[in-house]
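Peer 1: quick one, what's the 3D model for this:
(one chain, ligands or ions: 1)
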Amino acid sequence: MSIKEKLKEIKTSLPSEVTLVAVSKTKPVSDLLEAYEIGQRIFGENKIQEMTQKWEVMPKDIQWHMIGHVQRNKVKYMAEFVSLIHGVDSFKLLKEIDKQAKKHNRVIDCLLQIHIAEEDTKFGLDKNELHTMIASDEFQQLENISVVGLMGMATFTTNQEQIRREFKQLKTLYNSLEEKIETLSILSTGMSGDYQIAIEEGSNMVRIGSSIFGARNIH
Ligand SMILES: *Cc1c(COP(=O)(O)O)cnc(C)c1O
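Peer 2: Coordinates of the predicted model:
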């Protein structure tokens, strides 16, 4: 199947309230344009340099999502154009995003990445760090970021019940934060291998790469 066919099939299978991020990391601009041609406007990348290069040459109505681990010293390269940063996993990083957004006179939407995987290889805040952060005055005073949701990655496993349990845990946390953070509206969970489970467990934003663009050689 072509990229267009695969994308169409996935889009028609998603409930209307679920937003699709087409994860295009490592793929050439020509592949992204195929998806663009049939209406895809949200693309996810995990390297700031690669995302910036694609942003420079591609149509300007694309929303670029940074889904990877972000190094603080590189935030400045995407602050002008990034539309959503999924992987905010420390208060320091959030403060740097705020600082760089201010320079461009904008507010950058962010998702807090929460550590839900039972394996300990994935990045993310744990619940204690999260609660300490959001209760602080410093957090309340950040004017150039908006925390619009949470992001999580399940353990890399074939154990579906474990994946479900991890997503469920994040949804419970999301619900408990809704009254503390008024801007919350996005729960970003689910990739090619587990997005159906993620949606059943409350995801409203899925990040799908290989099921649209095919397998990647690297990363
Ligand atoms: C690569 C990546 C995805 C997409 O993975 P696929 O399995 O190709 O769908 C989703 N989320 C993050 C954070 C990624 O790095």
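Peer 1: where do the strands sit along this protein?
Peer 2: 19-23, 42-45, 63-66, 84-88, 108-113, 145-151, 186-188, 205-208 (DSSP state E).
Peer 1: in the third one, what's buried?
Peer 2: If I follow you right, that is strand 63-66. For strand 63-66, the neighbour count (16 or more other Cβ atoms under 10 Å) marks W64, H65, M66 as buried. Every C-beta, even on glycine, is put in place using the N, C-alpha and C of the backbone.
Peer 1: tabulate the strands of the chain (a markdown table), appending mean pLDDT and distance to K95.
Peer 2: What follows is the strands of the chain, written out as a markdown table (pLDDT from 0 to 100; distance: least, Cβ to Cβ, whole Å):
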| stretch | mean pLDDT | distance to K95 |
| --- | --- | --- |
| strand 19-23 | 98 | 25 |
| strand 42-45 | 98 | 23 |
| strand 63-66 | 98 | 17 |
| strand 84-88 | 97 | 10 |
| strand 108-113 | 98 | 11 |
| strand 145-151 | 98 | 9 |
| strand 186-188 | 98 | 21 |
| strand 205-208 | 98 | 24 |
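Peer 1: ranges for the helices of the chain?
Peer 2: 3-13, 29-37, 48-57, 75-78, 91-103, 127-135, 137-140, 160-177, 195-200, 210-213 (DSSP state H).
Peer 1: what angle separates the second one from helix 48-57?
Peer 2: Between helix 29-37 and helix 48-57, the angle formed by their directions is 60 degrees, by axes from the mean of the first three to the mean of the last three Cα atoms, to 10 degrees.
Peer 1: show me what from this structure comes close to the ligand.
Peer 2: 23, 25, 46, 67-68, 153, 191-193, 207-211 (Cβ under 6 Å from any ligand atom).
Peer 1: could you dump those into TSV and include distance to C110 and neighbour count?
Peer 2: Shown next, in TSV, are these (distance: Cβ to Cβ, whole Å; neighbours: other Cβ atoms under 10 Å):
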residue	distance to C110	neighbour count
V23	18	26
K25	19	19
N46	16	21
I67	12	25
G68	14	20
M153	16	27
M191	20	19
S192	24	16
G193	25	16
R207	15	25
I208	21	22
G209	21	23
S210	25	14
S211	26	18
